[in-house]
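**Q** got a sequence here, can you build the structure:
(one chain, ligands or ions: 1)
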Amino acid sequence: MERLVIKGGSRLNGAVDINGAKNAAVAILPAAVMASEGKCIIDNIPDIEDVHCLERIIEDLGAEIKVNSNTIEIDSRSLVKTEACTEDVRKMRASYYLIGALLARFKQAKVELPGGCPIGVRPIDQHIKGFEALGAKVVIEHGAAVVKADRLIGANIFFDVVSVGATINVMLAAAMAEGLTTLENVAKEPHVVDVANFLNTMGADIKGAGTDVIKIRGVESLKGCNYSVIPDQIEAGTFMIAAAACGGEVTLNNVIPKHLESISAKLLEAGVEVEEGDDSITVKSSGNLKGVNVKTTPYPGFPTDVQQPMSAMLCVASGRSIITESIWESRYKHLDELKKMGASVKVEGRIAIIEGVEKLTGAVVKATDLRAGAAMVVAGLMADGETEIYNIEHIDRGYPHIENKFKALGAEIYRKVD
Ligand code: EPU
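**A** Model (predicted):
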């Protein structure tokens with residue numbers, strides 16, 4: 001069984017390159033199947049299991065894929081299959097973007113319902129509402145979404161909740177609908193903007209991504225293009241927090257500091273120094289932290305995906321920290337693991353109250369989901385003694401070679417297989 005072994009207590013120093021954004025890449029790859037002419041050559045693709053899973057899914061649909069380091073070439077010209085019903089489709093979340101992408105190009109799709117991290121109920125009612133508004137019929141049959149339309153026609157759609165997935169999925173379908181689609185109350189996350197930019201580079205006409213309203217004028221077809229994925233806001237946030245928690249000075253290269261503002265602001269409040277460069281950010285920390293309150297909200301607020309590593313850090317910050325998780329109702333499973341390391345935490349519904357302790361102590365723990373795994377890595381790095389983290393397949397879904405990156409910063413961490 002693979003696990004990460006960490007001997008905690010080292011300060012982190014040096015520089016780390018941040019990878020392309022997972023949650024942008026896992027939407028851009030499905031979007032590439034919409035190109036009926038030319039090839040998509042996409043750079044800055046992270047080397048993570050969710051990406052490999054999508055490569056297999058898209059190949060199975062009939063696209064040709066070549067991978068060269070962080071660049072992927074996708075030729076979807078001869079793709080004709082519109083059914084994605086494999087184990088890979090079921091195990092990851094972002095496979096559902098194939099519904100919007102295939103519906104746009106072929107006016108039909110059958111895609112098995114997705115898995116993803118167990119962090120709360122994950123309905124897709126807003127995706128379905130959007131597809132139906134564009135004129136598609138959606139039926140859930142034997143665990144798959146079966147979606148068909150004679151024609152897709154632009155519509156005004158007001159989402160009931162701010163959803164990254166629904167915004168992107170309906171934007172994909174609307175990119176090839178007839179006429180104008182207006183999406184309101186949309187997600188403004190950097191990866192939503194990145195997918196819109198990718199589609200526009202393929203020949204789509206999408207305006208307003210990054211604001212509350214996206215306007216999409218449908219086009220008849222899309223073509224391949226060259227594109228580079230934005231840096232990963234969440235991987236960057238995780239390294240910033242690890243540096244703050246362990247103490248030391250770490251520079252993150254290949255980041256967009258604007259995307260990290262809510263995280264930088266919280267670290268400053270906790271007593272950490274954060275310096276922004278053009279495409280880098282430096283975190284300097286004595287390791288002595290003050291407790292802060294954190295509330296997760298859609299972008300530009302504090303990202304839910306960084307809440308778990310942040311709460312690990314706050315376990316050793318002086319005083320009380322209150323976390324309010326407003327996106328996912330059960331994203332606190334990592335706190336039970338942190339308690340095994342000596343954390344003092346109480347959860348009441350969506351609120352977690354953390355009383356800072358002087359130190360955490362190494363223990364055998366597990367990654368209950370992707371970002372919970374990142375939280376355990378942060379905890380292990382700052383704890384006294386040895387921590388072993390099991391179920392690290394969750395971590396590998398979203399963080400490329402996490403142990404090598406931390407090792408290069410001076411951490412004692414390695415992967416053990418037996
Ligand atoms: N929601 C609905 N109906 C829908 C869709 C969403 O009620 O049809 C609700 C959800 O239950 C949730 C809220 O809306 O309470 C936000 O969900 P959203 O759709 O934004 O989440 P997602 O698209 O399923 C993506 C990321 C998550 C990240 C969230 C929020 C991907 C593949 N996943 O999920 O990332 O937490 O947005 O920012 O992009 C992660 O990377 O660890 C991760 C879980």
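**Q** check contacts around residue 226.
**A** Contacts for residue 226 (Cβ atoms under 8 Å, 6 or more residues apart in numbering) come out as 40-43, 201. Where C-beta positions appear, they are placed from N, C-alpha and C, glycine not excepted.
**Q** who wins on neighbours among those residues?
**A** residue 40 (26 neighbours; other Cβ atoms under 10 Å).
**Q** setting aside sequence neighbours, what's the nearest residue to it?
**A** Excluding the flanking residues, the one nearest residue 40 by Cβ to Cβ, 6 or more residues apart in numbering is residue 32, at 4.1 Å.
**Q** neighbours of that neighbour, how many?
**A** With other Cβ under 10 Å as criterion, residue 32 counts 28.
**Q** quick one on the thing from earlier: show me the contacts of residue 226 that map onto strands.
**A** 40-43 (DSSP state E).
**Q** would TSV of those residues with distance to residue 395 be doable?
**A** As requested, these are exported to TSV (distance: Cβ to Cβ, whole Å):
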residue	distance to residue 395
40	28
41	29
42	24
43	24
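**Q** which of the residues you listed sits closest to the ligand?
**A** Lowest distance from the ligand to the ones in strands among the contacts of residue 226 (Cβ to the nearest ligand atom) belongs to residue 42, with 16.5 Å.
**Q** check contacts around the residue nearest to residue 40.
**A** By Cβ under 8 Å, 6+ apart, the residues touching residue 32 are 40, 42, 58, 63, 74, 76, 224.
**Q** ok, back up a step: now the two most distant members of the contacts of residue 226.
**A** Using Cβ to Cβ, the contacts of residue 226 reach their maximum pairwise distance at 43 and 201, which is 12.2 Å.
**Q** which neighbours do these two share?
**A** 226-227.
**Q** rebuild the contacts of residue 226 as a markdown table, extending it with pLDDT and distance to residue 52.
**A** What follows is the contacts of residue 226, written out as a markdown table (pLDDT from 0 to 100; distance: Cβ to Cβ, whole Å):
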| residue | pLDDT | distance to residue 52 |
| --- | --- | --- |
| 40 | 98 | 17 |
| 41 | 98 | 18 |
| 42 | 98 | 14 |
| 43 | 98 | 17 |
| 201 | 98 | 24 |
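**Q** same for the ligand: which of those are within range?
**A** With the criterion set as Cβ under 6 Å from any ligand atom, no member of these is near the ligand.
**Q** just the residues you listed now: which is nearest residue 328?
**A** Proximity of these to residue 328 (Cβ to Cβ) peaks at residue 42, which lies at 28.6 Å.
**Q** need the residues of the protein near the ligand, please.
**A** Counting by Cβ under 6 Å from any ligand atom, the residues of the chain close to the ligand are 23, 26, 93-94, 117, 119, 121-127, 161, 163-166, 187, 304-305, 327-328, 370-371, 398.
**Q** and the closest residue to residue 117 other than its chain neighbours, its phi and psi?
**A** Of all residues not flanking residue 117 in the chain, residue 369 sits nearest, at 3.8 Å (Cβ to Cβ, 6+ apart). Dihedral pair for residue 369: phi -160, psi -180, per degrees, to the nearest 10.
**Q** again with residue 410
**A** Per degrees, to the nearest 10, the backbone of residue 410 is at phi 110, psi 0.
**Q** so it sits against residue 15, correct?
**A** No. Contact criterion Cβ atoms under 8 Å: residue 410 and residue 15 do not qualify, at 11.6 Å.
**Q** circling back to that earlier point, number of residues surrounding the residue nearest to residue 117?
**A** For residue 369, using other Cβ under 10 Å, the count is 23.
**Q** ok, now residue 233?
**A** Residue 233 has 27 nearby residues by other Cβ under 10 Å.
**Q** now it: how far from residue 397?
**A** 17 Å (Cβ to Cβ, to the nearest Å).
**Q** about what we covered before: can you list which of the residues of the chain next to the ligand are found in strands?
**A** Per DSSP E, the residues of the chain next to the ligand never map to strands.
**Q** dump the residue contacts of the residue in the stretch 51-200 of the chain that the ligand sits nearest to.
**A** Among the residues of the stretch 51-200 of the chain, residue 165 lies closest to the ligand, at 2.8 Å counting by Cβ to the nearest ligand atom. By Cβ under 8 Å, 6+ apart, the residues touching residue 165 are 93, 96-97, 124, 126-127.
**Q** that one and residue 94: what is the separation?
**A** Residue 165 is 8 Å from residue 94, by Cβ to Cβ.
**Q** can you check residue 414 too?
**A** Taken as Cβ to Cβ, the span from residue 414 to residue 94 is 30 Å.
**Q** what's the answer for residue 367, then?
**A** Distance from residue 367 to residue 94, by Cβ to Cβ: 19 Å.
**Q** okay, those two: which has more neighbours?
**A** residue 367 (27 against 24).
**Q** distance check, the nearest residue to the more buried one once chain neighbours are set aside against residue 418.
**A** Spatially, and ignoring its direct neighbours in sequence, residue 367 is nearest to residue 373 (2.9 Å; Cβ to Cβ, 6+ apart). As judged by Cβ to Cβ, residue 373 and residue 418 stand 19 Å apart.
**Q** alright, that wraps it up for me.
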